[in-house]
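[1] next one to model:
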Amino acid sequence: MTTILSSISIVSSPDILDGKPRLEGHRIGVHQIVYHVLYQGWNYQELEEAYGLPPADVHAALSYYYGHVEEIESLIERNLDDDSPPRIRELAALLDSFLSTGQAAQRLQITERAVRKLIDSGTLPAKKVGANWFIHPDDLNRPEVKNRKPGRPPRQ
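    All right, here's what the predicted structure looks like:
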């Protein structure tokens, strides 16, 4: 018995997605997949639920991205600037002003797990949207967060 590995093609045609690179057989552009994975932190399960993409397709898109970083980054930037209504751009700017657990951990000089424990205990206010936590930078200055009992410093 012979096993044949099918390849996933990245194609571009002027009549679909204005010629932007996309997965063959799909109407989702490489730039959209990259944006969801690298900028929004989506995992394979979320991409499969939203677009019906198996992990191999996601890997193909990311592989194309790493070979064409400037082109895809330009498409992502253009897509965010041109295609987003003003309300979406305002929301994106607002979300960018919040911190992730990793960024909060760096600022507090603790581990991400310690940040999540502060969130779970209610000491550090945060909101989880999808797979991401959003922490307002001002909340890192709350007395109960700043004056907490020190733990082990994060590994460097």
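[2] show me the strands in the protein, by range?
    In the chain, the strands defined using DSSP state E lie at 10-11, 22-23, 127-129, 132-134.
[3] ranking these by burial, who's on top?
    Per-stretch averages of neighbours, counted by mean count of other CB atoms under 10 Å, single out strand 22-23 among the strands of the chain, with a mean of 22. For the C-beta atoms, the positions are set from N, CA and C on the backbone; glycine is no exception.
[4] quick revisit: who wins for proximity to Glu71 among the strands of the chain?
    Taking CB to CB, strand 10-11 is the member of these nearest to Glu71, at 11.4 Å.
[5] what does the closest one contact?
    Strand 10-11 is contacted from outside by Pro21, Arg22, Leu23, Glu24, Val30, Ala60, Ala61, Tyr64, using CB atoms under 8 Å, 6 or more residues apart in numbering.
[6] ok, now with 6 Å
    Strand 10-11 is contacted by residues Pro21, Glu24, Tyr64 when judged by CB atoms under 6 Å, 6 or more residues apart in numbering.
[7] ok, and the most crowded of the residues you listed?
    Tyr64 (21 neighbours; other CB atoms under 10 Å).
[8] my guess is that residue meets Ile33, correct?
    No - at 9.2 Å, Tyr64 and Ile33 do not qualify as touching, with contact defined as CB atoms under 6 Å.
[9] where does the residue lying closest to Ser9 once chain neighbours are set aside land on pLDDT?
    Take Ser9 and drop its neighbours on the chain: the residue closest to it by CB to CB, 6 or more residues apart in numbering is Glu24, 4.1 Å away. Each residue has a pLDDT score; the one for Glu24 is 89.
[10] roughly how far apart are the residue nearest the centre of the chain and Leu140?
    Closest to where the C-alpha atoms of the chain average out (CA atoms, centre = their mean) is Gln40, at 2.0 Å. Distance, Gln40 to Leu140, using CB to CB, to the nearest Å: 23 Å.
[11] and what of Ile8?
    43 Å.
[12] could you report the separation of the residue nearest to the centre of the chain from Ile33?
    Distance from Gln40 to Ile33, by CB to CB: 11 Å.
[13] returning to what we had before: export the contacts of strand 10-11 to JSON lines and tack on distance to Val145?
    Compiled in JSON lines, the contacts of strand 10-11 are given as follows (distance: CB to CB, whole Å):
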{"residue": "Pro21", "distance to Val145": "44"}
{"residue": "Glu24", "distance to Val145": "49"}
{"residue": "Tyr64", "distance to Val145": "42"}
